[in-house]
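Asker: Sequence and predicted model, in that order:
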Amino acid sequence: MFGTAAELVHKHGKFHKGFIYLFYMTDGEIGEIAWPAYDGLLNLDRRKTVKALQKLPVEIGRAFCSGIDPKVLSLREAQQKCHSEMG
């Protein structure tokens, strides 16, 4: 289900921010299934995914980016720092 959602976000080129909010709320067993889909979208659609991260509240962006505000990261740095380590 999460992989399909990532594919649809990528295909339509929108809803990245809502997609990230969804993953921010997952943990435990759901997170183990969900987070690889987030990583997939980050790899497939780095620019839009990072831009969405930069528009989120700072605490959410930092949660995704190893404690660093994604607004200060380049696209390449964000791809390295803002992955889940589960994918």
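Answerer: Perfect, thanks for sending it.
Asker: elements contacting the helix ranked longest in the chain?
Answerer: Secondary structure of the chain per DSSP state H: the longest helix is helix 28-44. In this structure, helix 28-44 makes packing contacts with helix 2-12, helix 16-24, helix 46-55, judged by 3 or more CB pairs under 8 Å, 6 or more residues apart in numbering; DSSP states H and E. Backbone N, C-alpha and C define where each C-beta goes, glycine included.
Asker: Quick check: what element follows the last one along the chain?
Answerer: Along the chain past helix 46-55, the next helix or strand (assigned with DSSP states H and E) turns out to be helix 58-64.
Asker: For the helix or strand just after that following helix, which outside residues touch it?
Answerer: Once helix 58-64 ends, the next helix or strand along the chain (criterion: DSSP H and E) is helix 75-81. Contacting residues not belonging to helix 75-81 are listed as Leu42, Asn43, Arg46, Arg47, Val50, Leu53, Cys65, Ser66, Ile68, Pro70, Leu73 [CB atoms under 8 Å, 6 or more residues apart in numbering].
Asker: same thing but 6 Å
Answerer: Arg46, Val50, Cys65, Ser66, Ile68, Pro70 (CB atoms under 6 Å, 6 or more residues apart in numbering).
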